[in-house]
Every structure is written in structure tokens, then in C-alpha cells.
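**Student:** Build me a model from this:
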Amino acid sequence: MRLISDDILIDSGAQSPFFDQVYPSLEGFQFSNPSAWTKGHPFELYKEMQENAPVMWSSPQKNRGKVSGFWCVTKYEDIKKVELSHRIFSSQRGGINMSVPQRKYWRPRNLVMASLNSLINADEPLHREMRMQQSEFFFPAYVAKIKEKVGLKVDALLDDMEKKGPVIDFVEMFSQELPLFTLCEMLGVDDEDRPKVKIWMHYLELASQFLSNPWQTFFSEPLFPLRFNKVVDEMFAFGEKVMAERRRSPREDLLSIIAQTKVENELLPQEFLDGSWLLIIFAGNDTSRNSLSGTIRLMTEFPDQRAMVINDPTLVPRMSEEALRMVSPVMHMRRTALEDTELNGQRIAKDEKLVLWYGAANRDPDIFSEPDIFDIQRENADKHVAFGHGVHKCLGSRIAQMQLRLAFERIFDRFPKIAWTGKQKIAPNALVHAISSMQVNLYGLGRTRPVSISVKS
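**Tutor:** From the prediction side, this is the model:
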């Protein structure tokens, strides 16, 4: 089969759109610069864009080679329209990244190839064929099957938190551990290989930081530049080995399903195999990890909502949906116009890029009243687009929601006063709201571990 990377649209370096702009370009924020996102979503800018420039042209940063500008889409209904019009707005033509550089810059090549050749970048019918063959592991029956194991892992992580409390790093001890466990269980990664997956994830996250601020990365991890290529090679050697094993001896796991997937009666080439398992590991982990951390932050910032959930744990599912709306763990996805078209009065030329800002859509005041307020009683909270919309809606959304609900049912049962201390680090990342560290006190701000006192009668 032909690879997506064989035909993908390479950036031309276009500074301006082909058709005249209907709306002004608002300056002051570099959307494609990962370092710009270390303070989280620019909600005030989103609001201004929605009011004055809902389909806004963003020019490329200077000194970025032949990177092209793109259209920023911020209104909820416009984003839904783009997602539903997948025959006009393609995932495959230009991939999901904001830019695709010249091929000579594709380094490490195996990593770039895997990032381009995966389900998330595919259009119909390729997308549908691959998705249907993998979907069994994302249906309600499988979610129910794995829920008990996830619950046991939650309890074990809470035990470790309690031992090391009262003040702990919630990301390090919980939100990065739980999704990784769940995804490795689904994929069928052997126990002895799971520590390697954790290392690979760490290095790929550092890669984004290194591109944004090399000196800061060097000072925090001096060996990173020397070890990165070796770590990437180890990761792909594992993928090649495990896929070959699953083709010879399939198991009842998602790695086997991926290894046995066929398109037009042909097994997937290695580039697609790598792209498939890495997409599940990294996309699934990032979204769940940041949803878990972001929810803790919200429950500290809105104590009245926390009190409602503590008093009535049946509200946890509603809380989870509203938290997903507020956090919007995935910042954006990109689509590429397959023909000249129009969106919200703005003409868009064939091969121009559109970047869909989900955090903006999830706080669109035309859809969500008082959008900056965390309200677990909000009637339409589940209408958020945190998982995307249409044919590309996140395949793992049910798994993510199960983890979020189960985690907070047990966290609030055990640590009802858990609170964010105000200390956090957000990694430079333009794709996900990457909360890399978050300090919490398990027993409430300024509190120490409760002491049991025996009472003499």
C-alpha cells in the first residue's frame, strides 16, 4: 500500500493567503511556537478572535524556513462544520501537524514517518478500514472488561501517594502512571517492557522542549542530545520486533490486532505499524494525563463544585465532562482544503491549512453560557469537542472517560480535601496542554497528615 508520507503536502512557505482576508490578523501570540503555550490556552485571545476574526490568517514565524501560514478556526459551529466536511477538509493531505517541512529536514526519519503514517492522518476509506479493525478494544464491552484492572491500579497509586504525602507531584505519582498502565494493558505490552515505554515517552516529550528551548533542556538533562537518537532507535527496534512476533503468534491484545490489520487485503507496512502503536501510546497518554491533572486544578479553583461532588459522588460523570470542556487537553488538529471553499464568509484556497482550536470552541459563549465558569450542572457540558468531532472523533474517548470517572470517584473518597498548591509546570507543546508537574496536598492546603487518636472511655 502507498504511504501517506509519499503524497503528503509539503509546506510551500506561503506568507499570505491566496484570497483576500475578510477578518483581521490579530498579533501578539505565536501559535506555532511551543514555548508560547507554557501558560496554557490563550483564552482571552480566543475570545477576541471569536468576536473579530473567527477565521483568522496566522502568518508563519520568521526564520522558520519554508513554513506556510494557516487559517485559525475558533467558533464551535465552524469547527464542527470542518470536522463533518471531511471530503473537503482533509486529514491526509497535510497531516495533523501545523507544518510539514521539506523532506531533507525529516529527522529522525523513522520518527517522522511514524508520525505521518497513522490512523489519525488518514482520510476515507483508509481511515474507516483501519479504525473498524481496531475498534473492538474501544467498545463498551472491552471498557467494562478492563475497568476492574484500572480500579486496582488506581488504588495502588493512591496507596503510594498516601505513603509519600502530604505534598506530592500529582503528575509524577498519578496522572502519568494511570494512562500508561491502561494503554499498556490494552496493547499487551509485557510487564518487563513497560519501563522502557516510560523512558521513550519522556524522551519524545523532551524533544519538543529541546526544539523550543535547547539550553533549558540541556541544563535539565545534559545527556539528552547524546542519547536521543539511540533511544529512538531502541523504540523502533522494539516495535519491529513485537509486530513480527504478533504476526507469527497473535495474542488477545491490541498489538496483535494492529499487526494483523489489512488494507485492500494487504498487511500494513512497518511505517504504519509504528505509527499505529505509537499513536495509541502517546495520544492516549497525553490526553488522559492532562485531563486528570487539569481536573484537580479546577476542583481547587472552584471549591463550591468540589463540595457538590463530595456530597454527591453520582455527579462525577457530569464533573468529568465539564472538566474535559474546561481543560481541552488537545489544543488543536489541522485540516487541509482539498478544493477552493468558504468558511464563515472567508474564502479558503485549495491546499491551505486550517487549524482547529478546540479550547476556543469549548468556551464559545454562543454554545456554553458563562463559558469560563466550571459548572458541573451545565446541561450541555457533554457537547464539548475535547475529543474532536465527526469521523475522526477520538477512538479512545470511552477509555479516557472511564479512567477519569473511576479515578475521581476513588480520589475524592480517599482524599476529599486534595488541593492544588498553585505550583505547576506546563511543558512547551502546541499540540496538547502538557502539564508536566503539578504539586498537590492530599489533605488540603497547608494541612498535614491526619492523626488517629484513640479515645479512652
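
**Student:** use CA for all of it now, contacts and neighbours both
**Tutor:** OK.

**Student:** residues of whichever strand or helix holds residue 242 that come out buried?
**Tutor:** In this structure, residue 242 sits in helix 224-248 according to DSSP states H and E. Using 16 or more other CA atoms under 10 Å as the burial criterion, the residues of helix 224-248 that qualify are 224-225, 228, 231-232, 235-236, 238-239, 242-243, 246-247.

**Student:** what is the mean pLDDT for the helix or strand just after that helix?
**Tutor:** Counting by DSSP H and E, the next helix or strand C-terminal to helix 224-248 is helix 254-260. Helix 254-260 comes out with an average pLDDT of 96.

**Student:** Tell me the helix or strand right after helix 254-260.
**Tutor:** Downstream of helix 254-260 (by DSSP H and E), the next one is strand 262-263.

**Student:** before we move on, the earlier item: would you list the buried residues of helix 224-248 in CSV and tack on pLDDT?
**Tutor:** Converted to CSV, the buried residues of helix 224-248 look like this (pLDDT from 0 to 100):
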residue, pLDDT
224, 75
225, 79
228, 88
231, 92
232, 92
235, 95
236, 96
238, 96
239, 96
242, 97
243, 97
246, 97
247, 97
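
**Student:** Just put those in TSV and tack on distance to residue 255.
**Tutor:** Converted to TSV, these look like this (distance: CA to CA, whole Å):
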residue	distance to residue 255
224	29
225	30
228	25
231	21
232	19
235	15
236	14
238	12
239	10
242	8
243	7
246	7
247	9
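
**Student:** related to what we said a few turns ago, and the helix holding residue 242, what other elements does it pack with?
**Tutor:** helix 194-212, helix 214-220, helix 254-260, helix 270-301 (3 or more CA pairs under 8 Å, 6 or more residues apart in numbering; DSSP states H and E).

**Student:** Worst mean pLDDT among those helices?
**Tutor:** helix 214-220 (a mean of 68).

**Student:** and the direction of the helix holding residue 242 versus that of helix 194-212, what angle?
**Tutor:** Interaxial angle, helix 224-248 versus helix 194-212 (axes from the mean of the first three to the mean of the last three CA atoms, to 10 degrees): 140 degrees.

**Student:** Now do helix 224-248: everything it contacts.
**Tutor:** 108, 110-111, 197, 200, 203, 206, 217-218, 255-256, 259-260, 270, 273-274 (CA atoms under 8 Å, 6 or more residues apart in numbering).

**Student:** Could you list which residues are in contact with the residue most central in space within the chain?
**Tutor:** Closest to where the C-alpha atoms of the chain average out (CA atoms, centre = their mean) is residue 287, at 3.6 Å. Taking CA under 8 Å, 6+ apart as the contact definition, residue 287 lies against 329-330, 400, 432.

**Student:** do residue 95 as well
**Tutor:** Residue 95 neighbours (CA under 8 Å, 6+ apart): 8, 116, 121-122, 334-335.

**Student:** Swap in 7 Å and give it another go.
**Tutor:** Residues near residue 95 by CA atoms under 7 Å, 6 or more residues apart in numbering: 116, 121.

**Student:** and it, that's in a helix?
**Tutor:** No - assessed with DSSP: H, G, I helix; E, B strand; the rest coil, residue 95 is coil; it does not lie in a helix.

**Student:** For residue 188, see how far away residue 130 is.
**Tutor:** 19 Å (CA to CA, to the nearest Å).

**Student:** Show me where the stretch 1-150 of the chain has its strands.
**Tutor:** Here the stretch 1-150 of the chain has its strands, by DSSP state E, counting those that start in this stretch, at 55-58, 70-73, 89-90.

**Student:** what angle sits between the helix holding residue 242 and helix 270-301?
**Tutor:** Using the same axes, to 10 degrees: helix 224-248 against helix 270-301 is 120 degrees.

**Student:** sorry, back to before: determine which two of the contacts of helix 224-248 are furthest apart.
**Tutor:** With CA to CA as the measure, no two of these lie farther apart than 218 and 260, at 40.8 Å.

**Student:** Look at these two and report which has more neighbours.
**Tutor:** residue 260 (19 against 15; other CA atoms under 10 Å).

**Student:** Now for that one: which residues touch it?
**Tutor:** Contacts of residue 260 by CA under 7 Å, 6+ apart are 247, 267.

**Student:** Compute the distance between it and residue 187, please.
**Tutor:** For residue 260, the distance to residue 187 - CA to CA - is 13 Å.

**Student:** Correct me if wrong: residue 186 contacts residue 253.
**Tutor:** Yes - assessed by CA atoms under 7 Å, residue 186 is found in contact with residue 253 at 6.1 Å.

**Student:** which of these two has more neighbours?
**Tutor:** A count of neighbours by other CA under 10 Å puts residue 186 above the other of residue 186 and residue 253, at 20 against 16.

**Student:** Now tell me what touches the strand or helix carrying the more buried one from outside.
**Tutor:** Following DSSP H and E, one finds residue 186 within helix 177-187. Applying CA under 7 Å, 6+ apart, the contact partners of helix 177-187 are 150, 154, 253-255, 281, 285, 288-289.

**Student:** One more: stretch 101-115?
**Tutor:** 5, 10-11, 67, 271-272, 274-275.

**Student:** in the stretch 351-457 of the chain, which spans are strands?
**Tutor:** 353-357, 419-426, 435-441.

**Student:** which of the ones you listed sits most buried?
**Tutor:** strand 353-357 (a mean of 27; mean count of other CA atoms under 10 Å).

**Student:** now that one, how far from the chain's geometric center?
**Tutor:** 16 Å (CA atoms, centre = their mean, to the nearest Å).

**Student:** strands paired with that strand, and their directions?
**Tutor:** Using DSSP bridges, strand 353-357 pairs in its sheet with strand 70-73 (parallel), strand 332-337 (antiparallel).

**Student:** Compute the distance from the centre of the first one to the centre of its chain.
**Tutor:** In terms of CA atoms, centre = their mean, the centre of strand 70-73 is found 19 Å from the chain centre.

**Student:** now swap in the last one and tell me
**Tutor:** A distance of 15 Å separates the C-alpha centroid of strand 332-337 from that of its chain, computed with CA atoms, centre = their mean.
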